[in-house]
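**Q** make a model of this:
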Amino acid sequence: VQLQASGGGLVQPGGSLRLSCSASGFTLANYAIGWFRQAPGKEREWVSCIVGGSDGSTYYADSVKGRFTISRDNDKNTVYLQMNSLKPEDTAVYYCFLSANAKIYWGQGTLVTVSS
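**A** All right, here's what the predicted structure looks like:
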């Protein structure tokens, strides 16, 4: 399994970014997939996930609820994290993950910096 994350960058407070995570070796539609983030000097924290199969339920950390939206494009085997109203405290390396067969697979991180 390979997960390739992209879309990070520098954005001003209040701005938006969209992260992407594409997968090879797994059909994303069948599994739970989502995002963690790790800010400098802090532990990695869960951000959001989307359940696999026909369920497709989405879940968010309280800190991002109402600002971030996770979605999945099954044709492209890619999951997205649309991040709006970004705050300086959203600055972190964002990692996508996939849960399958009692294992967690991680993508490489993509850095999001929110600063004026």
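**Q** so how far is residue 116 from the residue most central in space within the chain?
**A** The residue lying closest to the centre of the chain (Cα atoms, centre = their mean) is residue 35, at 3.2 Å. Using Cβ to Cβ, to the nearest Å, we find residue 35 at a distance of 24 Å from residue 116. Quick note: C-beta positions are derived from backbone N, CA and C, even for glycine.
**Q** picking that back up, for the residue nearest to the centre of the chain, list the residues it contacts.
**A** The contact partners of residue 35, by Cβ atoms under 8 Å, 6 or more residues apart in numbering, come to 19, 21, 46-49, 70, 81, 94-97.
**Q** let me know the helix or strand that it is in.
**A** Here residue 35 sits within strand 32-38, counting by DSSP states H and E.
**Q** what comes up buried for the helix or strand that that strand is followed by?
**A** Next in sequence after strand 32-38, counting helices and strands by DSSP H and E, comes strand 45-50. Buried residues in strand 45-50, counted by 16 or more other Cβ atoms under 10 Å: 47-50.
**Q** how distant is strand 45-50 from the center of its chain?
**A** How far strand 45-50 lies from its chain's middle: 7 Å, per Cα atoms, centre = their mean, to the nearest Å.
**Q** what does it contact?
**A** 32-39, 56-61, 64, 68, 70-72, 79, 81, 94.
**Q** for the residue lying closest to residue 68 once chain neighbours are set aside, which residues are in contact?
**A** Excluding the flanking residues, the one nearest residue 68 by Cβ to Cβ, 6 or more residues apart in numbering is residue 83, at 5.1 Å. Counting by Cβ under 8 Å, 6+ apart, residue 83 makes contact with 16-19, 64, 67-68, 90, 112.
**Q** let's go with 7 Å and repeat that
**A** Contact analysis of residue 83 by Cβ atoms under 7 Å, 6 or more residues apart in numbering lists 16-17, 19, 67-68, 90.
**Q** now those residues in CSV, with neighbour count, distance to residue 10 and secondary structure?
**A** Shown next, in CSV, are these (neighbours: other Cβ atoms under 10 Å; distance: Cβ to Cβ, whole Å; DSSP: H, G, I helix; E, B strand; the rest coil):
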residue, neighbour count, distance to residue 10, secondary structure
16, 11, 13, coil
17, 20, 9, strand
19, 24, 14, strand
67, 15, 18, coil
68, 21, 18, strand
90, 22, 12, helix
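**Q** alright, calling it a day.
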